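Colleague: for reference, the sequence and a predicted model appear below.
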Amino acid sequence: MGIFDFFSKNKKETLDEGLQKTKDSVFTKITRAVAGKSKVDEEVLDNLEEVLISSDVGVETTLRIIERIEKRVARDKFVGTAELNSILKEEITNLLSESNSEMPIDFDRTLPQTPYVIMVVGVNGVGKTTTIGKLAYQFHKAGKKVYLGAADTFRAAAVEQLVIWGERVGVPVVKQKMGADPASVAFDTLSSAKANNADVVIIDTAGRLHNKVNLMNELTKIKNVMQKIIPNAPHEVLLVLDGSTGQNAFEQAKQFTLATAVNALAITKLDGTAKGGVVIGISDQFKIPVKYIGLGEGMEHLQVFDRKAFVESLFQ
């Protein structure tokens, strides 16, 4: 086995283990849905619809999947229940391909621009700062020079946590005193990163959603200040969502996409939940690439999202 085969195998094992609870739940429900049936009929489709909705795929996405299978049943005349998993796998992969044209690019990619600026948003408790630490680790491991900016100045714990991650990974963290202007922290971070020829800059922001107008104003101010240093920054606005919250993740995605120009998603904590179907629904409904998924607590457990590998693992 070559070194690349070894790393691919490790990634697959991490993915399979991280999705185990969702896989167990989905398979159990599908088995019940087809019990006593040899072919896919209206009753099986009704049961399957219930399975997907209860697996947090979301109503709209579920109806689209069911409609595709109905057309297939009508076309092929007879579709056996034994084929259902492979049909689901195929149709969901096609659905994700249509809603997300970007193919997965790993951390060792050539960046479109340096420094490449990522502004990370999301409510408190979703694993935002931890995701930043893991991103920093993966980029650093791939040979990139990384700077972190602690612009969540409203929570001392957030700044401290980011500093700990910076020390653990071996990357600099730019911070100011508690209550400082987040835009000022972003300005200092980009200035230092540019002066020191950094490859990647990741900016943490406050995880508040109590007032959408204030949130929008704050994030817009941070972006405007960044652009004084790097004209088109941030290149990526990454929204972090907690996969274990199921439908709440949909609502957070809705609110944040209204508040700022989110163009990438990270879905965390998939290893501890049976609600992994949320990845399918969010990717389909918001037409925003799911770039990263969190599959465990280890630094290497944040993976670049590969839609084909994800669906393959889910219905394996």
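Modeller: Cool, got the structure.
Colleague: any weak-confidence spans in the chain?
Modeller: By pLDDT under 70, the weakly predicted segments of the chain are 1-9, 23, 27, 36, 77-81, 99-105, 208-213.
Colleague: centroid-nearest residue for it?
Modeller: By C-alpha atoms, centre = their mean, the chain has its centre lying nearest to Ala266, at 2.1 Å.
Colleague: would you list every one of the strands in the stretch 201-316 of the chain?
Modeller: Assigned strands in the stretch 201-316 of the chain, in chain order: 236-242, 264-268, 290-294, 302-304 (criterion: DSSP state E, counting those that start in this stretch).
Colleague: for the closest residue to Thr93 other than its chain neighbours, give me its contacts.
Modeller: Setting aside the residues directly before and after it, Thr93 is nearest to Val311 in space (C-beta to C-beta, 6 or more residues apart in numbering), at 4.7 Å. For every residue, glycine as well, the C-beta is placed using N, CA and C. The neighbours of Val311, taking C-beta atoms under 8 Å, 6 or more residues apart in numbering as the test, are 89, 92-93, 96, 280.
Colleague: of those, which is the most crowded?
Modeller: Compared across these, Ile280 has the highest neighbour count, 27 neighbours, by other C-beta atoms under 10 Å.
Colleague: that one contacts Thr61, doesn't it?
Modeller: Yes: because the distance of 6.1 Å satisfies C-beta atoms under 8 Å, Ile280 is recorded as touching Thr61.
Colleague: wait, doesn't Ala253 sit right on Leu241?
Modeller: Yes: applying C-beta under 8 Å, one finds Ala253 in contact with Leu241, separated by 6.1 Å.
Colleague: more neighbours: which of those two?
Modeller: For Ala253 against Leu241, the residue with the higher neighbour count under other C-beta under 10 Å is Leu241, and the figures read 28 against 22.
Colleague: tell me the bridge partners for the more buried one.
Modeller: Going by DSSP bridges, Leu241 is paired in beta bridges with Ile267.
Colleague: for it, list the residues it contacts.
Modeller: Residues touching Leu241, when contacts are defined by C-beta under 8 Å, 6+ apart, comprise 122, 126, 249, 252-253, 265-268, 278, 282.
Colleague: coming back round to it: which neighbours do Ile280 and Thr61 have in common?
Modeller: Between them, Ile280 and Thr61 share the neighbouring residues Leu95, with contact defined by C-beta under 8 Å, 6+ apart.
Colleague: does the residue nearest to the centre of the chain touch Leu239 like I think?
Modeller: Yes: checked against C-beta under 8 Å, the pair Ala266 and Leu239 is within contact range at 7.3 Å.
Colleague: now for those two: what residues contact both?
Modeller: Between them, Ala266 and Leu239 share no neighbouring residue, with contact defined by C-beta under 8 Å, 6+ apart.
Colleague: still on that earlier bit, which two of the contacts of Leu241 have the greatest separation?
Modeller: Using C-beta to C-beta, the contacts of Leu241 reach their maximum pairwise distance at Gly122 and Val278, which is 14.5 Å.
Colleague: count of neighbours near Arg75?
Modeller: Arg75 sits with 8 neighbouring residues when counted by other C-beta under 10 Å.
Colleague: now for the helix or strand where it lies, which elements pack on it?
Modeller: Assigned by DSSP states H and E, Arg75 belongs to helix 59-76. In this structure, helix 59-76 packs against helix 42-54, helix 84-99, helix 278-286, with contacts taken as 3 or more C-beta pairs under 8 Å, 6 or more residues apart in numbering; DSSP states H and E.
Colleague: most tightly surrounded among those?
Modeller: Using mean count of other C-beta atoms under 10 Å, the stretch among the helices and strands packed on helix 59-76 with the greatest mean number of neighbours is helix 278-286 (a mean of 24).
Colleague: who touches the residue nearest to Val185 when sequence neighbours are not counted in this structure?
Modeller: By the measure of C-beta to C-beta, 6+ apart, the closest residue to Val185 outside its immediate chain neighbours is Ala151, 4.2 Å from it. Residues near Ala151 by C-beta under 8 Å, 6+ apart: 182-183, 185-186, 189, 203-206, 222.
Colleague: and Ala151, its phi and psi?
Modeller: The phi/psi pair for Ala151 (degrees, to the nearest 10) reads phi -90, psi 10.
Colleague: shared neighbours of Ala253 and Leu241, which are they?
Modeller: Once C-beta under 8 Å, 6+ apart is applied, the residues that Ala253 and Leu241 both contact turn out to be 265, 282.
Colleague: in a markdown table: the helices and strands packed on helix 59-76, plus distance to Gly18.
Modeller: Shown next, in a markdown table, are the helices and strands packed on helix 59-76 (distance: least, C-beta to C-beta, whole Å):
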| stretch | distance to Gly18 |
| --- | --- |
| helix 42-54 | 20 |
| helix 84-99 | 18 |
| helix 278-286 | 11 |
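Colleague: dump the strands of the stretch 201-316 of the chain into a markdown table; add distance to Asn47 as well.
Modeller: Rendered in a markdown table, the data for these read as follows (distance: least, C-beta to C-beta, whole Å):
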| stretch | distance to Asn47 |
| --- | --- |
| strand 236-242 | 28 |
| strand 264-268 | 27 |
| strand 290-294 | 27 |
| strand 302-304 | 32 |
